[in-house]
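> after the sequence you'll find the predicted model.
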Amino acid sequence: MSETVIQIEGLRKVFRVGKVDVEALRGVDFEVLQGEFVSIVGPSGSGKSTLFHVIGGLTPPTAGTVRVLNYDLAALTDAGRTNLRKTAVGFVFQKFNLLPTLTAADNIAIARHIAGRDHIAEDPEFRKVLDLLGITHRLHHKPAALSGGEQQRVAIARAIVNHPAILLADEPTGNLDSQNSQAVLSVLRDLNERIGQTILMITHNPEAAAYGHRLVNMRDGRIVQ
Amino acid sequence: MINKLVLENLKQRPIRTSLSILLIGVPVTLILTLVGLSEGTLEDSARRQRGVGADIVIRPRGSSFMALSSAPIPEGIVKMLSQEPHITAVSGTVIQALSGLNSITGVDLESFSRISGGFRFIEGGPFRGPDDIIVDQFYAAQNNLHAGGRVGGILNREWRVAGIIEGGKLARLMLPIRVLQDATGNTGKLSQIYVKVDRPANIDAVVASLRAKLEGYPIYSMEELLSLISVNNVPLLSGFIDVVVGIGIIIGFAVVFLSMYTSVLQRTREIGILKSLGASRWYVLNIVLREATLLAVGGTVLGILLSFATKWVIAEMVPASLTQKIVLPWWPIAGLIALCGSLLGGLYPGYQAASQDPIEALAYE
C-alpha cells in the first residue's frame, strides 16, 4: 500500500490585502498518496495556487494541519519551509521561471547547488530523464534561445533533479501551444509511470487534467469533488 | 556555481556594471592620486634637500621642519658658524613663497658650491647679473624656457634665464641671494642655513654643540630632517587624506547601494525563483554581496590603472609643480576602502532581496 505524502485537514489560508482579510482557502481536506498523479482544476480565484503555495512551503497555513512527508507545515519556521523546498518538493510554473542569465544546464545545476548536492556525482538515472525530456542537445543554450516547450522541459528537469517526493506543476501548459503542451504532459505522465514521481498539477485545460489519475475540483477555497 | 551566477548577472547588464566599476574606481583614483601626490611631492622636496649635500640644516626660531617662513635668521650667524670646529662650509639661503606650491630660493653660488659641489648646468651657466635667474629642467620644460630667454611673472618682474640645471638639488627657481633679500625686504637675513662637516662621525657632536650655542633654533642633521619629511608629520596633509578616504567610502557605498538596489528590483522575479528552489536568505544575500565585492575589485583595478594615467598627465602638464608617486602600499588600502563601501552599499539591498516573499517575487513582472 502506498504511503501518504500529503495529508491536509481543515486548511485555511487568509491573506491581508490592504485592510481587508481575504480567505483564499476555507477548510480544505485532502490526501495524496506516493506515486499519484493528481490534477487540480477550478476557476480562477478558487484557491488552487494558494493550495500549491502552502503545500510547497512558499507560505505558511493560517489554520489547520498540513503534513508533507514528515514536515508539519503549520509548525515550520521560514528556514524549515526553505529546507522543505530544497529537498521535498519541486516546482514547475506556467511561466517556466528559468534564470535568464544561465544556460539550461546551469539552471539545473543551480538547483543541485542550492540543495547542497553539487558535490555528489550526477545520478546516471537523471541522464535518462534528460533523454526522456528530449533536452540533452539543448542544455548549453540560455532560455532565450529555447522554445517555450524546451524551456518548460528544462524547468521540469530542474524541479526533479534533487529527487523531490512531490512535483508541483502550476499550469505547466498554460503558455504552450497544443503540440508542446502534449509533449510536456506526456513527459509528466512518463515521469509518473517510469520513476513513480508524485505529481500535483493545476490546470484549466480538461484535456490536460485527464492525464492525472485523479481529478480534484476546487471552488471558493474548498474542494468540491 | 554561485560565482557563475554572479558573473553572468554582471555580464547581463554591462552598462550598469561598467558604470558602477567606473564610479567605484574614481574615489580609488582620488585616494591613490592624492596620497601619491603628497608622498611624491614630499619625496621630491626631500630629494632636493638631500641633493644639497649638507650635513646639518638650521631653520629659523619657532619654525617647523617643513613650513616656509620669511627670513628671520641674521646673516652674521654664517660667519660665526664658519669658525666652529669641524665645520668646513656654510651657506645661507632665502626662500620666498610664490603662488601655489612654488617657491624661489636666493642662493650664494660660491658658498653653496663648497657644500654641494655646484650645480650641473644643462643649458647656460651661473648668474651674471642681478636680473638673472636659474631654473631646473622641470620648470624649464613646464614653461618652455631656454638659457638666454626671458621669464616673467616672478616677483612681479621679468628675469633672464642664466642657466638650466639638472633637477634634484635645492630648488626649482633660484636668484642671487642679495637680489632676493633686497626684493623681499630681507636684507641681511636668511631663511635656512646649510652646514658641511669635515667627517660624518662628527655630525652629532656638531649638532649638539650648535644647539647649545644657538638656543631656540631648530637644528637638524640632514638624516634627521629627511626622516621627518613624511605625510604623517604634516598634520594638515594626513587630515586631508583622511577626509578623502572618508569620501571614498561614502561614494563607494552610494554607488553600490544604488546599483544593487536597482539590480535587486530588476531581479525580483529571479530572487523568487531561487527561493522557490529552496535558496535561503543567506544564499540570496551572499549573491548580492559577491556582486558588490566583484564591483569593488573591478573598481579598485580600474582606480589603480587610472592613477597611472593621472601620474602621466601630471608629469606631462605640471612636472615642476607636482610630483605623483605610485603608492604601491596604498593599493590594498584603497581596495579595502572600496570593498568596505561596496559591502556596506550591498548590505541593505541584499537584505531586502533575502527578505522578499517568494510568492510576491514570483508574481513580479
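Looks like it arrived, so ask away.
> how about the contacts made by the residue nearest to the spatial centre of chain A?
Nearest to the geometric centre of chain A sits A:Leu168, at 1.4 Å (Cα atoms, centre = their mean). Neighbouring residues of A:Leu168 by Cβ atoms under 8 Å, 6 or more residues apart in numbering or on different chains: A:Phe52, A:Ile55, A:Gly56, A:Val89, A:Gly90, A:Phe91, A:Val92, A:Leu200. From N, CA and C alone the C-beta is placed, and that goes for glycine too.
> around A:Ser147, how many other residues sit close by?
12 (other Cβ atoms under 10 Å in any protein chain shown).
> residues touching the closest residue in space to it that isn't next to it in sequence, list them.
Distances taken as Cβ to Cβ, 6 or more residues apart in numbering or on different chains place A:Asn180 nearest to A:Ser147, at 7.0 Å, with adjacent residues excluded. Counting by Cβ under 8 Å, 6+ apart, A:Asn180 touches A:Ser147, A:Gly148, A:Gly149, A:Gln152, A:Thr173.
> for A:Leu58, see how far away the residue of chain A found nearest chain B is.
When scored by Cβ to the nearest Cβ, chain A has A:Lys86 as its residue closest to chain B, at 2.8 Å. Separation of A:Lys86 from A:Leu58 (Cβ to Cβ, to the nearest Å): 13 Å.
> ok, these two, which is more surrounded?
Neighbours were counted for A:Lys86 and for A:Leu58 using other Cβ under 10 Å; A:Leu58 has more, 25 against 21.
> SS state for the more buried one?
Secondary structure assignment for A:Leu58 (DSSP: H, G, I helix; E, B strand; the rest coil): coil.
> A:Ser2 too?
Going by three-state DSSP: A:Ser2 is coil.
> so who does the spatially closest residue to it that is not a sequence neighbour touch?
Leaving aside its sequence neighbours, A:Ser2 sits nearest to A:Leu33 (Cβ to Cβ, 6+ apart; 4.0 Å). A:Leu33 makes contact with A:Ser2, A:Glu3, A:Thr4, A:Val5, A:Thr198, according to Cβ under 8 Å, 6+ apart.
> of those residues, buried ones?
Neighbour counting by 16 or more other Cβ atoms under 10 Å in any protein chain shown classes A:Val5, A:Thr198 among the contacts of A:Leu33 as buried.
> least trustworthy position among the contacts of A:Leu33, going by pLDDT?
On pLDDT alone, A:Ser2 ranks lowest of the contacts of A:Leu33, at 71.
> dump the residue contacts of it.
Applying Cβ under 8 Å, 6+ apart to A:Ser2 gives the contacts A:Leu33, A:Gln34, A:Gly35, A:Glu36.
> so which of those residues is the most crowded?
That'd be A:Glu36 among the contacts of A:Ser2, by other Cβ under 10 Å, with 21 neighbours.
> now the phi/psi pair for that residue, please.
With angles defined as degrees, to the nearest 10, A:Glu36 sits at phi -80, psi 150.
> before we move on, what about B:Val52?
Per degrees, to the nearest 10, the backbone of B:Val52 is at phi -60, psi -40.
> isn't it right up against B:Gln192?
No: using Cβ atoms under 8 Å, B:Val52 is not in contact with B:Gln192; the gap is 9.8 Å.
> pretty sure B:Gly248 sits against B:Val28.
Yes: in this structure, B:Gly248 is within contact of B:Val28 by Cβ under 8 Å, at 6.8 Å.
> that older thread, now secondary structure and pLDDT too, for the contacts of A:Asn180, in TSV please.
TSV is the format used below for the contacts of A:Asn180 (DSSP: H, G, I helix; E, B strand; the rest coil; pLDDT from 0 to 100):
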residue	secondary structure	pLDDT
A:Ser147	coil	88
A:Gly148	helix	86
A:Gly149	helix	85
A:Gln152	helix	87
A:Thr173	coil	85
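> now which of the residues you listed would you call buried?
Among those, the ones that count as buried by 16+ other Cβ under 10 Å are A:Gly148, A:Gly149, A:Gln152, A:Thr173.
> could you find the closest non-adjacent residue to the first one?
Using Cβ to Cβ, 6+ apart and skipping residues adjacent in sequence, the residue nearest A:Gly148 is A:Leu176, 5.2 Å away.
> ok, that neighbour - contacts?
By Cβ under 8 Å, 6+ apart, the contact list for A:Leu176 reads A:Gly148, A:Gly149, A:Gln152, A:Val184.
> again, but for B:Arg281
A:Asp78, A:Thr82, B:Ala354, B:Ser355.
> equivalent analysis for A:Val92, please.
A:Val92 neighbours (Cβ under 8 Å, 6+ apart): A:Gln152, A:Ala155, A:Ile156, A:Ala159, A:Leu167, A:Leu168, A:Ala169, A:Asp170, A:Pro172.
> the residue nearest to B:Arg199 when sequence neighbours are not counted and B:Pro14, how far apart?
Excluding the flanking residues, the one nearest B:Arg199 by Cβ to Cβ, 6+ apart is B:His86, at 7.3 Å. According to Cβ to Cβ, B:His86 and B:Pro14 sit 70 Å apart.
> who has more neighbours, the two?
Counted by other Cβ under 10 Å, B:His86 and B:Pro14 do not tie: B:His86 has more neighbours, with 16 against 9.
> for B:Ser209, see how far away the more buried one is.
9 Å.
> kindly report the same for B:Gln83.
12 Å.
> any idea how far B:Leu289 is from B:Val256?
Counting by Cβ to Cβ, the gap from B:Leu289 to B:Val256 is 10 Å.
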